[in-house]
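Chemist: Build me a model from this:
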Amino acid sequence: MNIILLLKYLFLGFIQGFTEPLPISSSGHLVLFQELLSLSIEDLNFEIIVNLGSLFAIVFLFRHDLWRLIKHDILFLKTRRDEYKQDFIYSFLLVLAVIPAGIVGLLLKDWIEDTFKNVLSVGLSLLVTAIALYFVQKESTENTKEVISTKDAITIGLFQVFSLLPGISRSGSTMVGGLSRKIKFEDVMRFSFLLYIPISLATMVLAVRDIDTSTVFITGYLGAFLVSIVTTYFAVLWFFRLVRKGNLKYFAYYCLVVGFLAIGYVFIVEVI
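Modeler: All right, here's what the predicted structure looks like:
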């Protein structure tokens, strides 16, 4: 067994798990650290595995919300009682918000990866994320809207399209979309994390056809999968505690610094 290679995979599993729920782009960080570690993972095997780990953690954390939505959806379809209608509408809005990124991803996934999956593009995208997070944080302190409307869900879904670019955070883009609609921060966060579940499932289902089992490093992938579960779980808990104190701007500062470092790295490596 190659211990150094195993440690690299475990580290990338940690990076995926820690950054997935945070508005700092897990896909962008995987690109950056693969470059720094000289570990090129060209196929989607690894990305699918570590995303599955994050998905398991988020499903577990939001299991009560998921179970209530599923149960109430079924009961509403059977009984049409008003007490279940709100959750049924909420589930519909989650599905609605998935559609824009689903369509664009299905049509342009390969082109996006070929064009933007590089350190320079990630650096520039992180700067965009930083600017968006900073300004939406300043404008969101008086948000009072609690009920998400159809227009809100469509807006959040359209913002999620940008997260197809490595370096644009999925959670960050959906939060920016929701906060721009004056929705309360806690409600935007809940919707964003629940939205991750169907979009992640859809992405993995579409990517299954590209799996090449001949390239799988079983021990490394399994280790990264387990690490991503644990780190995602604790990262979500930490993130919720942090942003309740109005500290979203610190993620903007982080993205700004890492974005400039990534651009500087490209300049040093390719120009000097």
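
Chemist: Give me the distance between the residue of the chain most remote from its centre and K85.
Modeler: Largest separation from the mean C-alpha position in the chain: T79, at 35.3 Å (C-alpha atoms, centre = their mean). Going from T79 to K85 by C-beta to C-beta, to the nearest Å gives 10 Å. Where C-beta positions appear, they are placed from N, C-alpha and C, glycine not excepted.

Chemist: same check, this time on V230
Modeler: For V230 relative to K85 (C-beta to C-beta), the value is 38 Å.

Chemist: can you give me the helices for the protein?
Modeler: 3-19, 26-36, 45-61, 63-79, 85-116, 119-139, 150-161, 170-180, 185-207, 218-243, 248-270 (DSSP state H).

Chemist: remind me which residues of the stretch 1-150 of the chain are low pLDDT?
Modeler: The stretch 1-150 of the chain contains residues with pLDDT under 70 at 1, 40-44, 139, 141, 143.

Chemist: V230 and K85: which has the busier surroundings?
Modeler: Each of V230 and K85 has its neighbours counted (other C-beta atoms under 10 Å); V230 has more, 15 against 12.

Chemist: ok, back up a step: of all the helices of the chain, which gets the most neighbours per residue?
Modeler: The highest mean neighbour count among the helices of the chain, using mean count of other C-beta atoms under 10 Å, belongs to helix 170-180: a mean of 27.

Chemist: Give me the contact list for that helix.
Modeler: 20-26, 97, 129, 132-133, 136-137, 139-140, 143, 148, 152, 155-160, 162-163, 185, 187-189, 191-193, 195-196, 199, 248, 251 (C-beta atoms under 8 Å, 6 or more residues apart in numbering).

Chemist: Ok, stretch 222-233 next?
Modeler: Contacts of stretch 222-233 (C-beta under 8 Å, 6+ apart): 6, 9-10, 12-14, 16-18, 20-21, 46, 49-54, 56-58, 60-61.

Chemist: Can I get it in CSV, CA atoms only?
Modeler: What follows is stretch 222-233, C-alpha atoms only, in CSV (Å, rounded to 0.1, in the frame of the first residue of the first chain):
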residue,chain,number,x,y,z
LEU,A,222,-13.0,4.3,1.2
GLY,A,223,-10.9,6.3,3.6
ALA,A,224,-11.8,9.6,1.9
PHE,A,225,-15.5,8.6,1.9
LEU,A,226,-15.5,8.0,5.7
VAL,A,227,-13.5,11.2,6.4
SER,A,228,-15.9,13.3,4.3
ILE,A,229,-18.8,12.0,6.3
VAL,A,230,-17.3,12.9,9.6
THR,A,231,-15.9,16.3,8.5
THR,A,232,-19.1,17.3,6.7
TYR,A,233,-21.2,16.5,9.8
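
Chemist: switch to numbering from 11
Modeler: Let's use 11 as the start, then, which means that last one is stretch 232-243.

Chemist: gap between it and the chain center?
Modeler: Computed by C-alpha atoms, centre = their mean, to the nearest Å, the chain-centroid distance of stretch 232-243 equals 15 Å.

Chemist: Over to stretch 92-99?
Modeler: For stretch 92-99, the distance to the chain centre is 27 Å (C-alpha atoms, centre = their mean).

Chemist: so who does the closest residue to G182 other than its chain neighbours touch?
Modeler: Of all residues beyond its chain neighbours, the one nearest G182 is P33 (3.0 Å), with distances taken as C-beta to C-beta, 6 or more residues apart in numbering. Contact analysis of P33 by C-beta under 8 Å, 6+ apart lists 139, 143, 179, 181-182, 185, 258, 261, 265.

Chemist: Could you check how far P33 is from A262?
Modeler: 8 Å.

Chemist: L20 now?
Modeler: Where A262 is concerned, L20 sits at a distance of 29 Å (C-beta to C-beta).

Chemist: Pick out the residue nearest the middle of this protein.
Modeler: Geometric middle of the chain (C-alpha atoms, centre = their mean) lands on R180, at 3.9 Å.

Chemist: Surely L40 touches I25?
Modeler: Yes. Counting by C-beta atoms under 8 Å, L40 does reach I25; the two are 6.3 Å apart.

Chemist: hmm, back to that, which one of the contacts of P33 is nearest to F277?
Modeler: Set against F277, the nearest of the contacts of P33 by C-beta to C-beta is C265 (18.5 Å).
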